[in-house]
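In: no sequence on this one, just coordinates:
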């Protein structure tokens, strides 16, 4: 007979995940640089604009991750240790995101290394959204972990989950040539995922 | 048949929003400058007073935003993608608020650019509270998204939601002339919204 | 008929309060100074010890505030605007606490102004715990806001709620003479409130 | 008759604990150093790699602590003041963890004091996980605080809870000789606790 470590329920896993995602989004702002005492505020804010843009894109991207996370966990009936472990890595990626966001913001302002900053940023996004794909692959191979209503659509969910990493890898390629355009691509990806799912999946419906 | 992306429930949207709002309010404090080692503490605290005042006003303003957010989402029966998107922008504005608060606090201490700092601060508040108005406009045009009891009052809610952006734009105008007075106006707006709603809406009751 | 601003329920007020209190406690750590590259770590940690002590005392004090906050809101049946406003000020005080904690930690390390730092710290604690007393006074004068079971004990709760501010004012007086002793007094106050309530209130039972 | 301080329920204690644990994990990232303006980003990121590794190991370790915390509180039927106090110290340890993580990251980069940094890191982990053991010892001696189903397994839970502190003390010993290897040991401990419990406790089953 065992006392410890009953599996956390989906509800409590979601609670922790929601907390971490909310904090990760809100922490992004503290990387923005406040103008020094006596500095011209208008000028300083214009200089900070690229960092503010990176902040806004990352914030909305994390909200999209949250929507996808919610959709995924609604489909999970039984989060086994594998799901928990992949979810832990996913939360690690989301929490880490404020670092590449700050790096990108800083380099977009200062010039010479902005493409390196944007490649790093896009690769972290590709890896993080790749963990969503990993979770869907893991779940599609173990339909007993899914709610019955979610099983028929698992293959379509796997296919759709590959779109994110693919687009972020594309953004990383773009970043090799132009950092601001790469950031715009990431912003467009957020818009793409904000579209209603029935538009995106009409073919597989 | 679709696995992914069932609409988040109002309850879960509210949970995420509450988390982000709580964090945004609490993070404000980390922008306050701790006196350097060996500095006269009493003198340093007096110098920090304007930044502490900006912190307190923003904190209470965010709590008011929370009350209004709660009132709005109690009226929502079905948060569609449009509601979610506008809510995401609203949370972005609330999370961003610690940046203009820090800018205002810094410039109130250092002098020459305090009016620029206060204009920036008031405009961010106007934009953020404008998103509340945008949500009410969006919902009033789609009464099927509202709870039945909330539909008759939607037009009054739209009118009332315009008061906030209007007052913050007024504060931005005041800021062109005097930054501390503009901060006092923002503090008064918080008090205005803290008044019981039956006083404010007696006419439309 | 009114759409907006139904009163937040006690449950949702408690949820926001819990979130802010949890964040305020956890944020305290970021004010600790990490040793510079190449600095002797053992020496730097010994120098940081007073700041770590202030961190630990404030963390435990905030947990005590949380327990008291929970006890208070369990007794509230209907949180009117007055309760909400006082609670907002209370959360402002708790969120602000990381600033005087950092000031105290810094001055305890650097010497000349440690007593000013400790007075400031103790006065913020006195004001914050005074808001608990203010809430109890407000509620005792409006028993209809309390749960029926809580009404007979309201007067005793008011008396007990004055102990905290009194002890923190005492700590402020002690701080005029000796800062580390004042921090020890605050630590003892936390222990006092950690004692089971039936011991503290045997007389009024 | 008593108004104040009814015991917090397990549910509310868990809520606060979950909040603090989520924030502690997510705050870890803000200690990572963003490259200075104009610095070679690739080179700066390579230099930051040890700090990023320490971030990732601490993040996953805190998630493991969360799983263990959840398992422990599922078994608690009645959290008395002793449980609350030990839980408060445990949350203090988990919140504090970002400081030794930052110290370790900094010293792993800069060299001469990396072993001191790793010893400090491993000792804080040993103390924090020791508080889990302390909680289990406390509960095993007071079976009336445990849920009936959890009582037969309490002795086994105590034994298993000693594994963590033991392994972290081992990591501290390793740190005296080699800091990166000590960090690897801590990473392996996280993997060990990520294994399903029925494997770890087959003997006591």
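Out: Cool, the structure landed. Everything quoted here is computed from the prediction, not taken from an experiment. Numbering: from 1, shown residues only, chains lettered A, B, ... in the order given.

In: Next, count neighbours for the closest residue to residue A:116 other than its chain neighbours.
Out: Leaving out its chain neighbours, the residue that sits closest to residue A:116 by Cβ to Cβ, 6 or more residues apart in numbering or on different chains is residue D:41, at 3.8 Å. Where C-beta positions appear, they are placed from N, C-alpha and C, glycine not excepted. Residue neighbour count, defined by other Cβ atoms under 10 Å in any protein chain shown, stands at 24 for residue D:41.

In: Model confidence score at residue D:41, please.
Out: According to the prediction, residue D:41 has pLDDT 90.

In: Could you pull out the helices in chain A for me?
Out: With helices called from DSSP state H, chain A shows them at A:10-27, A:41-75, A:81-96, A:98-110, A:114-140, A:154-161, A:163-177, A:179-194, A:197-200.

In: mind checking how far the residue nearest to residue A:31 when sequence neighbours are not counted is from chain C?
Out: Nearest non-adjacent residue to residue A:31, counting by Cβ to Cβ, 6+ apart: residue A:102, 3.7 Å away. With distances taken as Cβ to the nearest Cβ, to the nearest Å, residue A:102 is found 15 Å from chain C.

In: now do residue A:37
Out: Counting by Cβ to the nearest Cβ, the gap from residue A:37 to chain C is 19 Å.

In: what's near enough to touch that residue?
Out: B:106, B:109-110 (Cβ atoms under 8 Å, 6 or more residues apart in numbering or on different chains).

In: Residue A:158 too?
Out: With contacts defined as Cβ under 8 Å, 6+ apart, the neighbours of residue A:158 are A:133, A:136-137, A:140.

In: Run a quick neighbour tally on residue A:77.
Out: 16.

In: The residue lying closest to it once chain neighbours are set aside: what's it in contact with?
Out: Taking Cβ to Cβ, 6+ apart, and ignoring the residues beside it in sequence, residue A:77 has residue A:147 as its nearest neighbour in space, at 4.5 Å. Residues near residue A:147 by Cβ under 8 Å, 6+ apart: A:74-77.

In: would you turn the residues you listed into a markdown table with distance to residue B:98 and pLDDT?
Out: Formatted as a markdown table, these follow (distance: Cβ to Cβ, whole Å; pLDDT from 0 to 100):
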| residue | distance to residue B:98 | pLDDT |
| --- | --- | --- |
| A:74 | 32 | 90 |
| A:75 | 36 | 92 |
| A:76 | 35 | 92 |
| A:77 | 40 | 91 |
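
In: For chain A, which residue gets nearest to chain C?
Out: residue A:23 (8.0 Å; Cβ to the nearest Cβ).

In: That residue contacts residue D:26, doesn't it?
Out: Yes - with contact defined as Cβ atoms under 8 Å, residue A:23 counts as touching residue D:26 (4.0 Å).

In: shared neighbours, the two?
Out: residue A:95.

In: burial measure for residue A:107, as a count.
Out: Residue A:107, neighbours per other Cβ under 10 Å, totals 29.

In: For it, which residues are in contact?
Out: Residue A:107 touches A:113-114, A:116-118, A:179, D:35, D:41, counting by Cβ under 8 Å, 6+ apart.

In: returning to that earlier point: turn the contacts of residue A:158 into CSV, including neighbour count and distance to chain B.
Out: As requested, the contacts of residue A:158 are arranged in CSV below (neighbours: other Cβ atoms under 10 Å in any protein chain shown; distance: Cβ to the nearest Cβ, whole Å):
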residue, neighbour count, distance to chain B
A:133, 19, 12
A:136, 25, 8
A:137, 16, 13
A:140, 21, 9
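
In: Using a markdown table, lay out those together with pLDDT.
Out: Shown next, in a markdown table, are the contacts of residue A:158 (pLDDT from 0 to 100):
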| residue | pLDDT |
| --- | --- |
| A:133 | 95 |
| A:136 | 95 |
| A:137 | 96 |
| A:140 | 95 |
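
In: Give me the distance between stretch A:119-127 and the centre of its chain.
Out: Using Cα atoms, centre = their mean, to the nearest Å, the mean C-alpha position of stretch A:119-127 is found 10 Å from that of the whole chain.

In: What of stretch A:174-181?
Out: On the basis of Cα atoms, centre = their mean, stretch A:174-181 sits 19 Å off its chain's mean C-alpha point.

In: Quick check: end-to-end length of it?
Out: Length of stretch A:174-181, first residue to last, Cα to Cα, to the nearest Å: 7 Å.

In: Quick check: residues of chain A near chain D?
Out: Residues of chain A lying close to chain D (Cβ under 8 Å from any Cβ of the partner chain) are A:1-6, A:8, A:12, A:15-16, A:19-20, A:23-24, A:27, A:30-31, A:81, A:84-85, A:88, A:91-92, A:95-96, A:98-99, A:102-103, A:106-107, A:109-113, A:116-117, A:120.

In: could you flag which of these are buried?
Out: Those of the residues of chain A next to chain D that meet the buried threshold are A:2-5, A:8, A:12, A:15-16, A:19-20, A:23-24, A:27, A:30-31, A:84, A:88, A:91-92, A:95-96, A:98-99, A:102-103, A:106-107, A:109-110, A:113, A:116-117, A:120, by 16 or more other Cβ atoms under 10 Å in any protein chain shown.

In: pLDDT at the closest residue to residue A:187 other than its chain neighbours, what is it?
Out: Excluding its sequence neighbours, the residue lying closest to residue A:187 (Cβ to Cβ, 6+ apart) is residue A:57, at 4.8 Å. Per-residue confidence (pLDDT) for residue A:57: 96.

In: Contact partners for residue A:57?
Out: Contact analysis of residue A:57 by Cβ under 8 Å, 6+ apart lists A:183, A:186-187, A:190.

In: Hmm, which of those is lowest in pLDDT?
Out: Out of those, that is residue A:190, at 88.

In: Tally up the residues packed near it, please.
Out: Neighbour tally, residue A:190, other Cβ under 10 Å: 19.
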